[in-house]
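A.B. asks: need a structure here:
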Amino acid sequence: MQLLQRPLRCIRALGHLPSRSLMNLGELVSALNDFASLSLAESWDNVGLLVEPSPPHTVNTLFLTNDLTEEVMEEAVQKKADLILSYHPPVFTPLKRVTWKTWKERLVVRALEHRIGIYSPHTAYDAIPHGVNDWLAKGLGACTSVPLRPSTAPSCPAEGTHRVEFCTDDTEHLDTVLSKIRDIQEISCLTTLPARVEGEEQTRVILNCSQKALLKVVALLSQNNLYQRTEILLLQKPLLPHTGMGRLCTLSEPVSLLDITERIKSHLKLPHVRLAVGMGKTLESPVKKTALCAGSGSSVLKGVEADLYLTGEMSHHDVLDAVANGISVILCEHSNTERGFLTELRDMLDVHLQNKVNIVVSEKDRDPLQVA
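C.D. replies: Coordinates of the predicted model:
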């Protein structure tokens, strides 16, 4: 009798476990875009939903990987993934066909065969606060950091690069000028308002325009003797705090180059890294400022004043330039500076998605380069 009762107790206990609900693919993609706006990605990048199974498509398991290789795809299939979040976009250059011939085409075929979507955030995750670069900075120890290349607010101002304002009291002539302005392409937000200038009633005209349209507007106003009363403002998008590419990190206390190297190896769980010691420096030289960029950092780090550059890979000549300027360089291989972020990402997405889906981190994903 007791043997029969024990399984019943187990069933009752399982009934109290919280159950995860499914998410519609569109709902999940929208939530991922809210977590990190794709507008923060670099203009050359290919981000967002790259492969979409035919609707309706619900997601129970979200599978995280740094690189989507064929081995990782098979792992995702085995773990019954419904959506793969691949940090690097597996589809970057346009595919002219989808066959079984190349490995990237096969990824798309396998994904669609098993009704698995593919989403990539890439450089959007580099830019966000608490993203890939901030995770990499944790390996340095206590420090403050600012983006090397700050991001700007994506939708402010909404249209145009310049604002033009002018006043006139010639209302009859103004109608002709406004008509010609409206014929210029890339003009927006054209507004007229009553204004009092030096005690006289006038009309103030305000418009936004592109750089190209500005030349035509200035020429038109000059022809109509209005340019002397014109103000031109450059519309600059505000910078987003703590957001952007790369980080310049200032350590709370300087440490030796040897010590900072060991910290980085420990943080990335690597037995070795590649180190170039700056001209005139030694392993005991103090490091106070570190410029870092996850992945391939040459373009972001170039010309930055620091004691140390930390990134995944740099060209031979960029390393030589840094060393000649007294800057030491630590290279960890491209994806080794990114992959460890996935564990933190899983925890953050659990909260952001309110535990509605199962989130799994790939166990097969790894950097392709090894020391032989």
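A.B. asks: Surely residue 263 is in a helix?
C.D. replies: Yes. The secondary structure assignment for residue 263 places it in a helix, going by DSSP: H, G, I helix; E, B strand; the rest coil.
A.B. asks: which residues touch it?
C.D. replies: Counting by Cβ atoms under 8 Å, 6 or more residues apart in numbering, residue 263 touches 139, 140, 141, 255. In short, each C-beta sits where N, CA and C put it, glycine included.
A.B. asks: and what of residue 141?
C.D. replies: If you count contacts by Cβ under 8 Å, 6+ apart, residue 141 has them with 251, 252, 255, 260, 263.
A.B. asks: Check which residues of stretch 100-119 are buried.
C.D. replies: Neighbour-count burial for stretch 100-119, with 16 or more other Cβ atoms under 10 Å as criterion, is recorded at 104, 105, 107, 108, 110, 111, 112, 116, 117, 118, 119.
A.B. asks: so what's the third one up against?
C.D. replies: Shown here is residue 107, whose contacts under the criterion Cβ under 8 Å, 6+ apart are 68, 70, 73, 90, 91, 118.
A.B. asks: any idea which helix or strand carries the third one?
C.D. replies: Residue 73 is part of helix 70-78, with elements assigned from DSSP states H and E.
A.B. asks: Give me the contact list for that helix.
C.D. replies: Here helix 70-78 makes contact (Cβ under 8 Å, 6+ apart) with 63, 65, 84, 103, 106-107, 110-111, 114, 116, 362-365.
A.B. asks: The closest residue to residue 276 other than its chain neighbours: how many residues sit nearby?
C.D. replies: Closest residue to residue 276 in three dimensions, ignoring its sequence neighbours and counting by Cβ to Cβ, 6 or more residues apart in numbering: residue 329, at 4.3 Å. Taking other Cβ atoms under 10 Å as the criterion, the count of residues near residue 329 is 22.
A.B. asks: residues touching residue 117, list them.
C.D. replies: Taking Cβ under 8 Å, 6+ apart as the definition, contacts of residue 117 comprise 25, 49, 51, 52, 53, 57, 59, 82, 83, 84, 111.
A.B. asks: can you rerun that using 10 Å?
C.D. replies: In this structure, residue 117 makes contact with 25, 28-29, 49-53, 57, 59, 62, 81-85, 111, judged by Cβ atoms under 10 Å, 6 or more residues apart in numbering.
A.B. asks: mind listing which of these are in helices?
C.D. replies: In helices, judged by DSSP state H, the following of the contacts of residue 117 are found: 25, 28, 29, 111.
A.B. asks: Mind pulling the model confidence for the closest residue to the first one other than its chain neighbours?
C.D. replies: In other words, residue 25. With Cβ to Cβ, 6+ apart as the measure, residue 57 is the residue that lies nearest to residue 25, at 4.3 Å, once sequence neighbours are left out. We have a pLDDT of 97 for residue 57.
A.B. asks: How about the one 4 residues further on?
C.D. replies: Model confidence at residue 61, expressed as pLDDT, equals 98.
A.B. asks: Tell me the one of the contacts of helix 70-78 nearest residue 167?
C.D. replies: Distance from residue 167 was checked for each of the contacts of helix 70-78 by Cβ to Cβ. The minimum falls on residue 84, at 58.2 Å.
A.B. asks: So for the protein, the centremost residue is which one?
C.D. replies: Centroid check for the chain by Cα atoms, centre = their mean gives residue 124 as the closest residue, at 1.4 Å.
A.B. asks: Quick check: beta-bridge partners of residue 239?
C.D. replies: In this entry, residue 239 is beta-bridged to residue 152, by DSSP bridges.
A.B. asks: Pass me the low-pLDDT residue ranges in this protein, would you?
C.D. replies: Counting by pLDDT under 70, the chain contains low-confidence ranges at 1-20, 155-158.
A.B. asks: all helices for it, in order.
C.D. replies: Along the chain, counting by DSSP H, helices occupy 2-14, 25-35, 70-78, 103-113, 123-127, 132-137, 171-182, 211-223, 257-268, 298-301, 316-324, 341-352.
A.B. asks: Turn the ones you listed into a markdown table, columns for distance to residue 205.
C.D. replies: Supplementary listing: the helices of the chain in a markdown table, determined by distance: least, Cβ to Cβ, whole Å:
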| stretch | distance to residue 205 |
| --- | --- |
| helix 2-14 | 71 |
| helix 25-35 | 38 |
| helix 70-78 | 58 |
| helix 103-113 | 53 |
| helix 123-127 | 38 |
| helix 132-137 | 45 |
| helix 171-182 | 7 |
| helix 211-223 | 10 |
| helix 257-268 | 58 |
| helix 298-301 | 42 |
| helix 316-324 | 50 |
| helix 341-352 | 46 |
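A.B. asks: closest one to residue 280 among those helices?
C.D. replies: The stretch from the helices of the chain with the least distance to residue 280 (Cβ to Cβ) is helix 316-324; that distance is 9.8 Å.
A.B. asks: roughly how far out does that closest one sit from the chain middle?
C.D. replies: Here the centre of helix 316-324 is set off from its chain's centre by 27 Å, with Cα atoms, centre = their mean, to the nearest Å.
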